[in-house]
Structures are given as C-alpha cells and as structure tokens.
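Participant: any chance you could fold what I've pasted below:
(one chain, ligands or ions: 1)
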Amino acid sequence: TVTFVDGVWHDGSPALIGPQSHAFWLGSTVFDGARWFEGVAPDLDRHCARVNHSATALGLKPTVAADEIARLVGEGLQRFSGETAVYIRPMYWAENGGYMSVPADPESTRFALCLYETPMIAPAGFSVTVSPFRRPTPETMPTLAKSGCLYPNNGRAILEARSRGFENALVLDMLGNVAETGTSNIFFVKNGMVYTPVPNGCFLNGITRQRVIGLLRAAGREVVEKSLSVAEFLDADEIFSTGNHSKVVPVNRIEGRELQPGPVYREAREAYMAFAKGGA
Ligand code: PMP
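Facilitator: Residues are numbered from 1 along each chain as shown. The predicted model follows:
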C-alpha cells in the first residue's frame, strides 16, 4: 500500500484522523474505486471526476482537480511493477463539523489517495438471493455521493445473504424493483436481449455499467434500461454483474436456480477487456 496525503507519499496506511474528526464521528467520507492491471487503468478520468462529484454531493469541498488526481495516480503507480494489479482509491473526508456540528465544514475537507495491490481474479461466478434490505431513496440518503455512509446497508445485505448460503445479495429499490447487488450493477439476458435496471437515483449508475452498455450497443446488441422485477431475473437465460473491481462477472445461481456463464456474458467481458487494453 502507498498513500498520498498532504502533498507526500507514505508507505502503508498512515494514521490520519482522530476520534474528534467529523468523518470518524458522523461518517463524512466519500471515495471512488478504479483499477490498474496489465498496465492500463480503464476510465480512470471518469473515476477521478466522480469522486469530486461525490464530495460536492455530500457537502464537502473537492480540493484536487480530477486531472490532478489522475496525475497523482500515475505518479503512485510508478511504485508498482507492471505485473501487479492495483486498486486505486481516492477519498475525501471532513475534519470538522460546520453549522450545528451535523453538516461537515467544507473548508476542513481533506484528500487522500490510496493505491494497493489487489489481484484481478478470474471471474468464477457468484450466487445471489433477494435481500430483505432495500436501497435508500435520494430523499432518505445522499445516494448521489459514493459515500462510506451508504455501505453499512450493503454490508448487512451481504451478511444476511451469506447466512442463507449465498455469496451476494440482490437488493431491491423502495418500489420493489431490482436495483443492484451489494457490490456491483446487475444485468440479465433473455432471448439475446440485454436488460439492466434504469438508474432512478436509488443505486449507483456504475462507470463499468455505462461502459459495458456502450460497448454492447456498439457491437450491435440491444440493451434495454428499464424497471425490472425479481420475476424477470428468475426467468433469465444469463445474469452478470459489472463493477470496477472485477469488471464483468457471471452469476451462477439465483435463489434455487443454477445458471451457466453464457455467450452474452462472454461477449460483454471480452468487449470490456478489449476496450481496456486498447490503451484506456
Ligand atoms: N454498486 C455498488 C454498490 C458498488 O459499490 C459498485 C462499485 N463501486 C458498483 C455498483 C459498480 O460501480 P463502478 O462500475 O463504477 O465501479
């Protein structure tokens, strides 16, 4: 691990906040996640831009321009060998509370960039079950921010799924439509058509999701973004997920039904990897 903070690169994960920090007390943190593998960091510019949008959405002040974050990533990556796969995590947090302590004082925003080795694992596939927990609406949580404060809900959904023998949770929005998994966006395939939930503010419109939709459409495949029910997922020919961490991964079981990684999943993964290696 290397960490950039306050203008300096540190080895490891230096202690940065105390119990009086607003971020420690009230969760004023935002972050993004991107990947570097085989010498490429696909869509790094978009991940750097998104962390700044997340900061603004949470009432923090993004103090490092997106292109400067990307430049710092390049600087930090020089400390890793080209064989290594790295997780790239820029973050902002607030040191102090502002008016009445509860909102952050944006002037106290701090920035850190962590880079750490994380292997790019071959996608074995994972199982999902419908979670009893739901995604918050934009009225109930700052869903436009990729904020640490949203993730305890994902955490309990994953733990609950694991307690019933599944690896991940299929999480619904407040209306009962499928939103995403605990860690990634979700797609299904039926009769050669690709379907994925339409972004409605209740789940992250992932950068990998948007990239895969664009690549599939460019290859002539129809991708439908609309509200989707659990019943439609249960009846799918294929299900796969997208996220920066492992890119495109098949779902191999939904509730009691086994699924095989299918041709459209493979097409999506291969298109993503070709795009990534094309110098993204
Ligand atoms: N949903 C959730 C809850 C996530 O944590 C992630 C990973 N950041 C995603 C979706 C996928 O987003 P992206 O493709 O931008 O990584």
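Participant: what's the separation between residue 218 and residue 243?
Facilitator: In this view, residue 218 and residue 243 are 20 Å apart by CB to CB, to the nearest Å. C-beta coordinates here come from the backbone N, C-alpha and C atoms, glycine included.
Participant: more neighbours, the two?
Facilitator: Neighbour count, other CB atoms under 10 Å: between residue 218 and residue 243, residue 243 has more, with 21 against 10.
Participant: could you report the pLDDT at the more buried one?
Facilitator: Residue 243 is assigned a pLDDT of 98 by the prediction.
Participant: does it touch residue 183 like I think?
Facilitator: Yes - applying CB atoms under 8 Å, one finds residue 243 in contact with residue 183, separated by 6.1 Å.
Participant: may I ask which helix or strand encompasses residue 212?
Facilitator: Using DSSP states H and E, residue 212 falls within helix 207-218.
Participant: that helix: what's the following helix or strand?
Facilitator: strand 223-226.
Participant: avg pLDDT for that next one?
Facilitator: Mean per-residue pLDDT for strand 223-226: 98.
Participant: sorry, back to before: can you dump the C-alpha atoms of the helix holding residue 212 in CSV for me?
Facilitator: In CSV, the C-alpha atoms belonging to helix 207-218 read as follows (Å, rounded to 0.1, in the frame of the first residue of the first chain):
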residue,chain,number,x,y,z
ILE,A,207,-18.9,3.6,-14.6
THR,A,208,-18.3,-0.1,-15.7
ARG,A,209,-22.1,-0.4,-16.2
GLN,A,210,-22.2,2.6,-18.6
ARG,A,211,-19.0,1.4,-20.4
VAL,A,212,-20.4,-2.2,-20.9
ILE,A,213,-23.8,-0.8,-22.2
GLY,A,214,-21.9,1.3,-24.7
LEU,A,215,-19.7,-1.5,-25.8
LEU,A,216,-22.6,-4.0,-26.2
ARG,A,217,-24.6,-1.4,-28.2
ALA,A,218,-21.6,-0.5,-30.4
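Participant: what's it packed up against?
Facilitator: When contacts are defined as 3 or more CB pairs under 8 Å, 6 or more residues apart in numbering; DSSP states H and E, helix 207-218 sits against helix 44-57, strand 185-190, strand 193-197, strand 223-226, strand 238-243, strand 247-254, helix 263-277.
Participant: how is this protein divided into domains?
Facilitator: Following automatic domain parsing, one finds the domains of the chain at 2-117, 126-277.
Participant: closest residue of this protein to the ligand?
Facilitator: Here the chain gets closest to the ligand at one residue, residue 206, 2.7 Å apart by CB to the nearest ligand atom.
Participant: give me phi/psi at that residue?
Facilitator: phi -60, psi 150 (degrees, to the nearest 10).
Participant: near the ligand, which residues of this protein show up?
Facilitator: 33, 154, 180, 183-185, 204, 206-209, 242-244 (CB under 6 Å from any ligand atom).
Participant: buried ones from those residues, can you make that a ChimeraX selection?
Facilitator: Those of those that count as buried under 16 or more other CB atoms under 10 Å are selected in ChimeraX with:
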select :33,154,180,183,184,185,204,206,207,208,209,242,243,244
